[in-house]
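Peer 1: Sequence first, then the predicted structure:
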Amino acid sequence: MATQIARTGCRVSVEIPEDLLRQANLSVGDSVEWRLSPTGSLILHTPQSAECAPCPGDYEQWKQDEICAGFAEIEAGESVPNAKVIEWLRSWGTTNELPPPL
C-alpha cells in the first residue's frame with residue numbers, strides 16, 4: 001500500500017503504510033507534523049522528537065539564517081522592486097509574457 005493523502009475541508013490526513021510506521025517507531029493514531037528541512041525535503045516530526053534538544057542546522061536555525069540572508073540582500077541593493085515583480089506576474093498567461101525581473 002502506498003502513502004495516501006486526503007483533504008477534508010481544512011484538514012489533511014495522511015495514511016502511512018504499517019511497515020513505514022514500524023520503521024519510524026510510530027503507532028496508528030500518533031500525532032505527527034511534517035516540517036521542511038534545509039534541503040527542501042519533508043521531515044516527520046513527532047511530539048517525542050520535540051523533547052530532544054535541537055540539532056545544529058535544524059529547521060528553525062535554517063529559517064532564521066534565510067531571513068537574515070534576505071535582509072542582507074535588501075540592504076546590499078540586490079533585491080527586485082515590488083512594482084517590477086507585480087508587472088511580471090500580471091504578464092503571466094498573456095501573449096506578451098515578460099521574463100523574470102533581475
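Peer 2: Sure, I can see it.
Peer 1: Spatially, what comes nearest to Arg7 if we skip its sequence neighbours?
Peer 2: Ser13 (8.0 Å; C-beta to C-beta, 6 or more residues apart in numbering). (Each C-beta comes from the backbone N, C-alpha and C, glycine too.)
Peer 1: sec struct for that neighbour, please.
Peer 2: Secondary structure, DSSP: H, G, I helix; E, B strand; the rest coil: Ser13 is strand.
Peer 1: Bridge partners for it, pull those for me.
Peer 2: According to DSSP bridges, the partner residues bridging Ser13 are Ala6.
Peer 1: Please point out which parts of stretch 12-27 sit buried.
Peer 2: 16, 26 (16 or more other C-beta atoms under 10 Å).
Peer 1: Can you pull out the low-pLDDT segments for the protein?
Peer 2: 1-2, 10, 23-24, 27-28, 36, 42-58 (pLDDT under 70).
Peer 1: Strands along that one, start to end?
Peer 2: 4-8, 11-15, 33-36, 42-45 (DSSP state E).
Peer 1: out of these, nearest to Ile86?
Peer 2: strand 33-36 (26.5 Å; C-beta to C-beta).
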